[in-house]
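**Student:** Sharing a model that was predicted from the sequence below.
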Amino acid sequence: EVQLVESGGGLVQAGGSLRLSCAASGFTFDDYAIGWFRQAPGKEREGVSCISSSDGSTYYANSVKGRFTISSDNAKNTVYLQMNSLKHENTAIYYCGAGFMSCHAKVGYWGKGTLVTVAS
């Protein structure tokens, strides 16, 4: 059974930090790119960051560059999103998704999300 399980969300003050984790199982981790997405209340889901497990390539939305860092521990089949200097507008449900081979591929598997609330 394919599973993506997010964790690490919570309530944090503006300017604070959180580290999200996405634990993957049920598929060949090295064959997939893992991305982080978020959906704020009343808004569409948007891409935040992505990492290719095969070559370590990373991508970031302009709004998080310099503040968020994505990393992967292939031994643990886990991808992390370190979020620093959080802003109130970063409040959202954060999801991880897996796409075959590339960050440009359609997401085939989704997690259920973890809520991040940034208090202003």
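**Tutor:** Everything's here; your move. Numbers count the residues shown, from 1 in each chain.

**Student:** Mind telling me what element Ala75 is part of?
**Tutor:** Using DSSP states H and E, Ala75 sits within no helix or strand.

**Student:** Quick check, central residue of the protein?
**Tutor:** The centre of the chain sits closest to Trp36, judged by Cα atoms, centre = their mean, with a distance of 2.5 Å.

**Student:** give me the beta-bridge partners of that residue?
**Tutor:** On the basis of DSSP bridges, Trp36 is bridged to Ser49, Cys96.

**Student:** which ones are touching it?
**Tutor:** If you count contacts by Cβ atoms under 8 Å, 6 or more residues apart in numbering, Trp36 has them with Leu20, Cys22, Gly47, Val48, Ser49, Cys50, Ile70, Val79, Leu81, Tyr94, Tyr95, Cys96. For the C-beta atoms, the positions are set from N, CA and C on the backbone; glycine is no exception.

**Student:** where does Thr78 land on pLDDT?
**Tutor:** Note on Thr78: pLDDT of 96.

**Student:** how close does it sit to Asp31?
**Tutor:** As for Thr78, its distance to Asp31 is 16 Å (criterion: Cβ to Cβ, to the nearest Å).
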